[in-house]
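[1] sequence and predicted structure, then a few things I'm wondering about:
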Amino acid sequence: MGYIKEKFKSKADELNVEVKDLIKNHGTRKIEDVTIAQVYQGMRGITGLVTETSLLDANEGIRFRGYSIPELRDHLPKVAGGAEPLPEGLFHLMLIGELPNEADVQYLSSMWGRRSHVPNHVFDAIDALPITTHPMTMFTVGIMALQTESSFAKAYAEGINKKDYWSYTYEDTMNLIARLPRIAAYIYRRKYKGGQHIQPNGMLDWAGNFAHMLGYSDPGFAELMRLYMTIHADHEGGNVSAHTTHLVGSALSDAYLSFAAGMNGLAGPLHGLANQEVIKWILQMREELGGGAPTKEQIEAYVRKTLADGKVVPGYGHAVLRKTDPRFTAQMEFAKKHLPNDELVKIVWTVYETVPPILQELGKVKNPWPNVDAHSGALLVHYGMVEYEFYTVLFGVSRALGVLASLCWDRALGLSLERPKSVTTEWMKQFVEGKVDAIAE
């Protein structure tokens, strides 16, 4: 058993004792009441999940095991001469609950490198799809094809003690994370670069190797990938991709099946697909305004027209956050350092100055501030990645770090099959009229 796996097992044993004590001594204690509006409106704000890896506070933003994004950028290990955190370090933090040292990060980089071989039948499955297929569809097909390699599925079929579920889920997690950059890069090169594939470089870190396989040699792009993979990795457990991975995993589906399900959720326009919508909106705005860099007054008029037409400004607002997304801020700081004079980036910043006051004035959203998607596309375009449909695949590779670390914890803690109670609208009407009682506890 590798030492990261041993550390995880030790942490899981400790937390299992705490969880059992909480359930035994406080299991009947109510956390909160639930309103009819919450039931109908996406269960928004209902506390009904446990996710150890990160916590989203509406006013403070996302924290990974208690650390903010600025703190992660300061404290996580970096490549020699680099300034951005290595995603391997964030994975260690989410899985173990402790900041890693250089040796921990090097261990993960090396282990993922050794496990990164993708069977040929996975590429064959992707190649069977029309070249016009959306990259996210190719991505989920590739993940599903890789499911043949599941350690958990094989062990479960042979009969294993449920106390060992975590161990095989850990192995699947490590293998899947190791192979995702290869699959994603294969899709990118197949769809956009004439099938001219680039073999992995085992001497590089996880994100740096991903940048290499995509075909980008600029050190700035590798740094961007390290930042991008870190800040998109997790966003507590209630978002669609995280919740879906957890939900499907609660049926004891293996990591491949669970993660593929989560990626189908990420592909939705209201979740991960939003990052391609933002850059398309900005480019369309620039074109309609005559090209070049529009003035703040032109942007304001365009935004007001967009809203008056019943449309939204993509990249603004968030289901939970009530402040500027720290992930947006991290990308803005990266841009100020690496590409301060980029025209598209300057437009993003002007939109940032313009949109929130208008949304506040109209009072149509609870959060008028930008989210992570409002900035990421402009950075990618600067380095030459103009294939907007692929952006969500980048998001998906990153999100694997958080949701699969969480899946390891689900199995280590023996979390139950997720099965909330549902009612009909007719029942709800009778409840409001006092004809039926509340659901029995």
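    Nice, I can see it.

[2] going forward, measure contacts between C-alpha atoms and count neighbours the same way
    Will do.

[3] which residues does residue 202 contact?
    By C-alpha atoms under 8 Å, 6 or more residues apart in numbering, the residues touching residue 202 are 110, 113, 209.

[4] reformat the residues you listed as CSV; add distance to residue 183, secondary structure and pLDDT.
    Below are these laid out as CSV (distance: C-alpha to C-alpha, whole Å; DSSP: H, G, I helix; E, B strand; the rest coil; pLDDT from 0 to 100):
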residue, distance to residue 183, secondary structure, pLDDT
110, 18, helix, 96
113, 14, helix, 96
209, 12, helix, 98
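
[5] tabulate these (JSON lines), appending distance to residue 220 and neighbour count.
    As requested, the contacts of residue 202 are arranged in JSON lines below (distance: C-alpha to C-alpha, whole Å; neighbours: other C-alpha atoms under 10 Å):
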{"residue": "110", "distance to residue 220": "23", "neighbour count": "17"}
{"residue": "113", "distance to residue 220": "22", "neighbour count": "21"}
{"residue": "209", "distance to residue 220": "13", "neighbour count": "23"}
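
[6] and of the residues you listed, the nearest to residue 308?
    Residue 308 has its nearest neighbour among the contacts of residue 202 in residue 209, at 45.2 Å by C-alpha to C-alpha.

[7] what about the closest one, distance to residue 223?
    11 Å (C-alpha to C-alpha, to the nearest Å).

[8] can you give me the mean pLDDT across the host helix or strand of residue 380?
    Using DSSP states H and E, residue 380 sits within helix 373-382. What helix 373-382 shows for mean pLDDT is 93.

[9] which helices and strands does it pack with?
    Counting contacts by 3 or more C-alpha pairs under 8 Å, 6 or more residues apart in numbering; DSSP states H and E, helix 373-382 is packed against helix 274-288, helix 326-338, helix 343-362.

[10] what angle do the second one and helix 373-382 make?
    Put simply, helix 326-338 runs at 30 degrees to helix 373-382, going by axes from the mean of the first three to the mean of the last three C-alpha atoms, to 10 degrees.

[11] what comes up buried for helix 326-338?
    By 16 or more other C-alpha atoms under 10 Å, the buried positions in helix 326-338 come out as 326, 327, 328, 329, 330, 331, 332, 334, 335.

[12] tell me where the protein is predicted with low confidence.
    Judged by pLDDT under 70, the chain has its weakly predicted residues at 1, 319, 364, 440-441.

[13] run the last query once more with 80
    Within the chain, the ranges that satisfy pLDDT under 80 run 1, 58-60, 273-275, 317-322, 363-366, 438-441.

[14] distance from stretch 389-406 to the middle of the chain?
    Distance of stretch 389-406 from the chain centroid (C-alpha atoms, centre = their mean, to the nearest Å) equals 5 Å.

[15] all helices for the stretch 101-250 of the chain, in order.
    Ranges of helices within the stretch 101-250 of the chain are 102-114, 120-127, 135-146, 151-158, 165-192, 206-214, 219-231, 240-249, based on DSSP state H, counting those that start in this stretch.

[16] looking at those, which is nearest to residue 404?
    So among the helices of the stretch 101-250 of the chain, helix 165-192 is nearest, using C-alpha to C-alpha, at 5.9 Å.

[17] the nearest residue to residue 102 once chain neighbours are set aside is in what secondary structure piece?
    Among residues not flanking residue 102 along the chain, residue 77 sits closest, at 6.1 Å (C-alpha to C-alpha, 6 or more residues apart in numbering). Under the assignment given by DSSP H and E, residue 77 is not contained in any helix or strand.

[18] does residue 77 touch residue 101 like I think?
    Yes - between residue 77 and residue 101 there is a contact under C-alpha atoms under 8 Å: 6.8 Å.

[19] and those two? which has more neighbours close in?
    Legend: neighbour count by other C-alpha atoms under 10 Å for residue 77 and residue 101, higher for residue 77 (25 against 13).

[20] quickly note the distance from the more buried one to residue 3.
    18 Å.

[21] same deal with residue 62?
    Distance, residue 62 to residue 3, by C-alpha to C-alpha: 28 Å.

[22] higher neighbour count, those two?
    residue 62 (23 against 10).

[23] where's that one, which helix or strand?
    Element membership for residue 62, per DSSP H and E: strand 61-64.

[24] quick one: distance of that strand to the chain centre.
    Relative to its chain's centre, strand 61-64 lies at 13 Å (C-alpha atoms, centre = their mean).

[25] list the contacts of it.
    53-57, 68-69, 93-94, 234-236, 321, 323, 325-326.

[26] at 7 Å what do you get?
    53, 54, 55, 56, 68, 69, 94, 235, 321, 325, 326 (C-alpha atoms under 7 Å, 6 or more residues apart in numbering).

[27] any residues touching whichever helix or strand comes after that strand, and which ones?
    Scanning forward in sequence from strand 61-64 by DSSP H and E, the next helix or strand is strand 67-68. Residues from elsewhere that reach strand 67-68 (C-alpha under 7 Å, 6+ apart): residue 62.

[28] redo that, cut-off 10 Å
    54, 55, 60, 61, 62, 73, 74, 75, 93, 99, 326, 327 (C-alpha atoms under 10 Å, 6 or more residues apart in numbering).
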